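Chemist: sequence below, structure please.
(chains A and B)
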Amino acid sequence: MLKNRIIPCLDVKNGRVVKGINFVDLKDAGDPVEQAKIYSDGGADEICFLDITASNENRDTIYEVVEKTSKKCFVPLTVGGGIRSLEDINKLLNCGADKVSINTAAVQNSKVVIDSSKKFGSQCIVVAIDAKKNGKNWEIFTHGGRNSTGIDAIVYAKKMEECGAGELLITSMDRDGTQVGYDIELMSNISSKVNIPVIASGGVGNLNHLVEGIKLGKASAVLAASIFHYGKHSIKEAKEYLDSKGIPVRI
Amino acid sequence: MNVTIVDYKSGNISSVINSFKEVAQNKVKIEVTSDLKKIKLSDKVVLPGQGSFKSCIDALNTTNGLVETLNEFAINNKKPLLGICVGLQMFADIGYEETETKGLGWIPGKVTKIDSQNGKYKLPHIGWNEINIMKESKIFKNIKDKSHMYFVHSYEFIPNDKNAISATTNYSSNHVCAVEIENIFGTQFHPEKSDKIGLKIIDNFMSL
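Modeler: Residues are numbered from 1 along each chain as shown, chains lettered A, B, ... in the order given. This is a model prediction of the structure:
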């Protein structure tokens, strides 16, 4: 039986982890490679890096991080943030990323998704969608949630599936950073309308939120950042909790 | 000993390279090449594969003499070869992804799309699934039945001879996730992405 995945996400800026696990035995708390290794040793099903480097001159730092991590972690590695072109994707994959997540570029030009899934295979193309509730529907936003688009999230999710996305990473902007739980309605709406796996993101504050994301939100995988930071919960605890609630996980 | 990972521009093989180098350390030489001479001289060959069945077969055919060299290595000389993901699927006679495409024909059978049962099962089959070991296999030495492996695929290999199957996994139905015939090994899952247990499979293959 296929297991639901738990994916810890690390924000990386200029090659350094912005928030992270604050363990006393960490030699360098800002080192993404070391943090990723702790997650994979702890049983993370995948690792996700979100590159939030703002300036263009420091963009190359992520490649070095990916290269080093892929030599130490032997679980799938997804990298997102600032991906614009097939060339960017090619570089990340060559450095050892297994998947890339594309956000703004996919909204601006869906051809990036069509072309990249043809060239590299759908298995490595994740489309990331930032959505915000607007009346009865959800609208997608770009540029890290700053720019509105007027595009309906569900219509767009279906379009991305047709373009060749292998997975969708759905972040609720209303919930992101609030720790009150995923936007279950958004997740289940999208998940039930596409035939590709959905990764739920945004709003996790406790372990039960992960359960809700899978049971109610119908997500195949749950992504979380802050609950795994500062040692609040370990991946192992999260898995044991999901297991106790009858959710199939890899233990 | 040296192990060659065939680099035929079939997509991203950096994870395969990293994992084999991790297991090999300094004991085994890992070559990454499409050089026919080097393939002929190697002790073992790894055939990765990402993207579609058709794109991988097309890529193999782009290098003149590569298919013949692999045939000679695996079929005539019976040296150990491991196919991963589409690398395994290409052992078949025929694949139906994108369009009907002739495979290597090493293990008679076909590659068809997994039955989603009208959307009940999402495709690709992505994530960790348990393997059911069906027969004693050299690459499963010290690997427990029901171990978790990482999968990413939408197509499955259906061999004519069920004796070729060394493991299955359950998604929509019990489908083939590993094959073994004499010196030819294949995994539908990605040992290079299956954590320590996956590295153990790679170690088993290198230790053959």
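
Chemist: the longest strand that chain B contains: which residues count as buried?
Modeler: Using DSSP state E to define each element, chain B has its longest strand at strand B:173-181. For strand B:173-181, a neighbour-count test (16 or more other CB atoms under 10 Å in any protein chain shown) marks B:175, B:176, B:177, B:178, B:179, B:180, B:181 as buried. Every residue, glycine included, has its C-beta placed from N, CA and C.

Chemist: next up, the contacts around the residue nearest to residue B:160 when sequence neighbours are not counted.
Modeler: Spatially, and ignoring its direct neighbours in sequence, residue B:160 is nearest to residue B:108 (4.5 Å; CB to CB, 6 or more residues apart in numbering or on different chains). Going by CB atoms under 8 Å, 6 or more residues apart in numbering or on different chains, residue B:108 touches B:92, B:93, B:159, B:160, B:161.

Chemist: what are the phi and psi angles of residue B:108?
Modeler: Main-chain dihedrals, residue B:108, degrees, to the nearest 10: phi -50, psi 130.

Chemist: re earlier: tell me what the longest strand of chain B is packed against?
Modeler: Here strand B:173-181 touches strand B:155-159, strand B:165-171, strand B:184-187, going by 3 or more CB pairs under 8 Å, 6 or more residues apart in numbering or on different chains; DSSP states H and E.

Chemist: shaky segments in chain A?
Modeler: Chain A contains residues with pLDDT under 70 at A:19-29.

Chemist: close to chain B: what parts of it are there?
Modeler: Neighbours of chain B within chain A, by CB under 8 Å from any CB of the partner chain: A:1-5, A:40, A:45, A:70-71, A:74-76, A:93-98, A:119-124, A:166-167, A:194-197, A:220-221, A:250.

Chemist: go with 7 Å
Modeler: Neighbours of chain B within chain A, by CB under 7 Å from any CB of the partner chain: A:1-3, A:5, A:45, A:70-71, A:74-76, A:93-96, A:98, A:120-124, A:166-167, A:195-197, A:220, A:250.

Chemist: derive a ChimeraX selection command for the buried subset of those.
Modeler: Per 16+ other CB under 10 Å, the buried members of these correspond to this ChimeraX selection:
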select /A:2,3,5,45,70,71,74,75,76,93,95,96,98,120,121,122,123,124,166,167,195,196,197,220,250
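
Chemist: picking that back up, wait, which of the helices and strands packed on strand B:173-181 is closest to residue A:66?
Modeler: Taking CB to CB, strand B:184-187 is the member of the helices and strands packed on strand B:173-181 nearest to residue A:66, at 24.5 Å.

Chemist: dump the residue contacts of the closest residue to residue B:202 other than its chain neighbours.
Modeler: Nearest residue to residue B:202, sequence neighbours excluded (CB to CB, 6+ apart): residue B:23, at 4.8 Å. By CB atoms under 7 Å, 6 or more residues apart in numbering or on different chains, the residues touching residue B:23 are B:199, B:202, B:203, B:206.

Chemist: redo that, cut-off 10 Å
Modeler: Applying CB atoms under 10 Å, 6 or more residues apart in numbering or on different chains to residue B:23 gives the contacts A:74, B:3, B:30, B:191-192, B:198-207.

Chemist: swap in residue B:53?
Modeler: Residues near residue B:53 by CB under 10 Å, 6+ apart: B:86, B:89-90, B:92, B:94-101, B:103, B:111, B:155, B:157.

Chemist: next one: phi and psi at residue B:82?
Modeler: phi -120, psi 120.

Chemist: what separates it from residue B:170, distance-wise?
Modeler: Look at residue B:82 and residue B:170: by CB to CB, to the nearest Å, they are 23 Å apart.

Chemist: state the helix or strand in which residue A:160 lies.
Modeler: Element membership for residue A:160 (DSSP states H and E) is helix A:153-163.

Chemist: give me the pLDDT for residue B:51.
Modeler: For residue B:51, the pLDDT comes out at 86.

Chemist: now do the SS call for it.
Modeler: Recorded secondary structure, residue B:51: coil (DSSP: H, G, I helix; E, B strand; the rest coil).

Chemist: adding mean pLDDT, write the helices and strands packed on strand B:173-181 out as CSV.
Modeler: Listed next are those as CSV, based on pLDDT from 0 to 100:
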stretch, mean pLDDT
strand B:155-159, 97
strand B:165-171, 98
strand B:184-187, 98
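
Chemist: which one of those is the most hemmed in?
Modeler: A comparison of the helices and strands packed on strand B:173-181 by mean neighbour count, using mean count of other CB atoms under 10 Å in any protein chain shown, puts strand B:184-187 on top with a mean of 27.

Chemist: immediately after that strand, which helix or strand?
Modeler: Later in the chain than strand B:184-187, the nearest helix or strand by DSSP H and E is helix B:195-206.

Chemist: now that following helix against strand B:173-181, angle please.
Modeler: Helix B:195-206 and strand B:173-181 are oriented at 30 degrees to each other (axes from the mean of the first three to the mean of the last three CA atoms, to 10 degrees).

Chemist: OK, contacts around the spatially most distant residue from the centre of chain B?
Modeler: Within chain B, the residue lying farthest from the chain centre (CA atoms, centre = their mean) is residue B:118, at 28.0 Å. By CB under 10 Å, 6+ apart, the contact set of residue B:118 is residue A:195.

Chemist: for my notes, confirm it occurs in a strand.
Modeler: No - counting by three-state DSSP, residue B:118 falls outside a strand, being coil.

Chemist: re the thing from before, widest-spaced pair of the contacts of residue B:53?
Modeler: The most widely separated members of those, counting by CB to CB, are B:99 and B:157 (17.5 Å).

Chemist: quick one: the closest residue to residue A:204 other than its chain neighbours and chain B, what's the gap?
Modeler: Excluding the flanking residues, the one nearest residue A:204 by CB to CB, 6+ apart is residue A:224, at 4.0 Å. Residue A:224 sits 16 Å away from chain B, taking CB to the nearest CB, to the nearest Å as the criterion.

Chemist: give me phi/psi at residue A:224?
Modeler: phi -150, psi 150.

Chemist: so it is in contact with residue A:205, correct?
Modeler: Yes - using CB atoms under 10 Å, residue A:224 is in contact with residue A:205, at 9.2 Å.

Chemist: okay, and the common contacts of those two?
Modeler: Common contacts of residue A:224 and residue A:205, defined by CB under 10 Å, 6+ apart, comprise residue A:179.
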